[in-house]
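Q: coordinates only, sequence not included:
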Ligand SMILES: Cc1cc2nc3c(=O)[nH]c(=O)nc-3n(C[C@H](O)[C@H](O)[C@H](O)COP(=O)(O)OP(=O)(O)OC[C@H]3O[C@@H](n4cnc5c(N)ncnc54)[C@H](O)[C@@H]3O)c2cc1C
């Protein structure tokens with residue numbers, strides 16, 4: 001599999017991975033960019049960030065950008081994720097943000113995250129996007145008894161400081177009403193979060209952006225970015241684009257030395273998913289989970305899962321460290337064995353789909369929506385949680401590109417992503433983190 005820290009490019013015109021999502025979607029092709037073109041804004045990357053930016057530029061800011069995607073719309077994380085629309089991004093809890101930046105800033109961030117969910121909802125409605133939106137909320141499940149008290153404190157914090165409608169569910173009620181898992185010791189229930197079909201969402205955003213006037217091109221990898229006076233010159237296999245402003249929306253799929261504004265400022269990490277055969281009604285009843293409800297546990301190395309509309313169980317977690325190992329059966333088997341630890345009732349279930357994608361992790365655990373020097377803009381570093389935030393970040397990027405100051409001075413807008421110190425050793429650090437995480441989760 002493509003590896004951003006090893007390969008020089010993420011490919012050209014690559015098909016979608018053989019995921020459950022691509023098997024249940026009809027793809028839409030956009031023609032490659034060609035010839036010489038002068039534009040006001042060029043966007044690189046056709047995931048939620050780039051597509052939402054393109055749509056909001058064209059529909060709200062009066063700017064019709066060109067969007068260049070190396071492969072297909074939603075080929076990166078946006079067409080491979082688990083489809084959880086959650087209230088947040090990065091890895092800092094609200095209590096940590098409160099201590100880092102104070103109560104008011106933490107609450108402003110909370111409001112921005114909630115707006116991210118509203119943005120997804122609004123786009124789905126405005127574009128009539130048929131993306132199997134669920135209405136059953138999100139469960140954050142304590143994987144051991146001590147985490148049950150930790151999450152109960154989190155619920156109290158969220159209710160007290162942010163008036164969040166989150167509910168704490170104790171172990172017995174969880175088992176009776178929500179989930180019959182061997183590693184489920186209580187949960188937080190977030191009624192306003194939801195699940196959807198991520199690739200259908202990306203294709204919906206693409207249609208909306210194109211209808212609003214953005215020019216979308218797939219099969220158009222940007223191979224080189226050069227300065228041309230004050231402008232940017234982008235070279236693809238068949239086109240030369242001269243742009244006044246450049247938006248980089250390549251996130252976890254950004255190769256080394258792609259542009260100096262983002263070089264060594266994020267860390268691509270693999271997340272992997274298996275999807276089982278359709279469960280029988282007896283199996284579904286035995287695990288007690290209803291389709292549409294999305295679940296994540298409290299491990300340091302988290303597992304996430306959901307029942308799909310056709311009764312299959314999607315189950316995800318960390319993947320390999322290097323791209324060349326991503327498809328090794330070891331990682332599929334590891335996920336299956338974690339699934340069976342949580343749901344021994346499913347012994348004997350088989351796996352029909354297995355795939356992986358690169359999430360972008362930032363050094364200080366939160367992303368940036370950045371206006372860098374020379375009219376370069378980027379948003380990345382979502383640390384594995386970006387369905388709602390990328391949609392919102394695209395909207396915010398569009399405002400910044402149009403020269404509008406952020407409404408609220410959130411930390412995301414205040415600084416560039418910090419560089420990773422000793423960046424060539426990022427993978428060694430990840431290896432260490434995985435060992436620490438395994439030990440912590442086992443204890
Ligand atoms: C397995 C997995 C499960 C996940 N589950 C969830 C979840 O349930 N909920 C959640 O909130 N988040 C989840 N995420 C994270 C979420 O999917 C991402 O944060 C989000 O999709 C990022 O969107 P993006 O547009 O910024 O980047 P991407 O969707 O990754 O798009 C980047 C695009 O840039 C293109 N590109 C790269 N280089 C070039 C170039 N040189 N020229 C042209 N194009 C280029 C790539 O082809 C790619 O399509 C998950 C991620 C993975 C991998």
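A: Now that the structure is in, tell me what you want to look at. Source: prediction; values computed, not measured.

Q: Next one: the residue in the stretch 301-443 of the chain that the ligand sits nearest to from residue 124, what distance?
A: Per Cβ to the nearest ligand atom, residue 386 is where the stretch 301-443 of the chain lies closest to the ligand, at 2.1 Å. C-beta here means a position set from N, CA and C on the backbone, and glycine is covered the same way. In this structure, residue 386 and residue 124 are 17 Å apart, going by Cβ to Cβ, to the nearest Å.

Q: Repeat that for residue 307.
A: With distances taken as Cβ to Cβ, residue 307 is found 21 Å from residue 124.

Q: Among these two, which residue is more densely surrounded?
A: Neighbour totals were compared for residue 307 and residue 124, and residue 307 leads with 25 against 20 (other Cβ atoms under 10 Å).

Q: Run a quick neighbour tally on the nearest residue to that one once chain neighbours are set aside.
A: Nearest-residue entry for residue 307: residue 291, 4.5 Å, with adjacent residues in sequence omitted and distances by Cβ to Cβ, 6 or more residues apart in numbering. Residues contacting residue 291 under the criterion other Cβ under 10 Å number 17.

Q: ok, residues contacting the helix ranked longest in the chain?
A: Secondary structure assigned by DSSP state H gives helix 103-126 as the longest helix of the chain. If you take Cβ atoms under 8 Å, 6 or more residues apart in numbering as the criterion, helix 103-126 is touched by 52, 55, 85-89, 94, 97-98, 101, 129, 131, 133, 161-162, 164, 192-193, 196, 201, 204-205, 208, 387-389, 391-392, 395, 408, 410-412.

Q: helix or strand right after that helix?
A: If you walk from helix 103-126 toward the C-terminus, the next helix or strand you reach (DSSP states H and E) is strand 138-141.

Q: hmm, who's touching the following helix or strand past that following strand?
A: For strand 138-141, the succeeding helix or strand toward the C-terminus, using DSSP H and E, is helix 145-162. Outside of helix 145-162, the residues that reach it under the criterion Cβ under 8 Å, 6+ apart are 93-95, 98, 103, 106-107, 110, 140, 142, 164-168, 170-171, 185-188, 298.

Q: by how many degrees do helix 145-162 and helix 103-126 diverge?
A: Helix 145-162 and helix 103-126 are oriented at 90 degrees to each other (axes from the mean of the first three to the mean of the last three Cα atoms, to 10 degrees).

Q: Can you name the residues of this structure that neighbour the ligand?
A: Along the chain, the residues adjacent to the ligand under the rule Cβ under 6 Å from any ligand atom are 10, 44-50, 68-71, 75-78, 80-84, 86, 221-222, 249-253, 271, 273, 316, 357, 359, 382, 384-387, 390.

Q: Out of those, name the ones that lie in strands.
A: Of the positions in these, 44, 68, 84, 271, 273, 316, 357, 359 sit in strands, assigned by DSSP state E.
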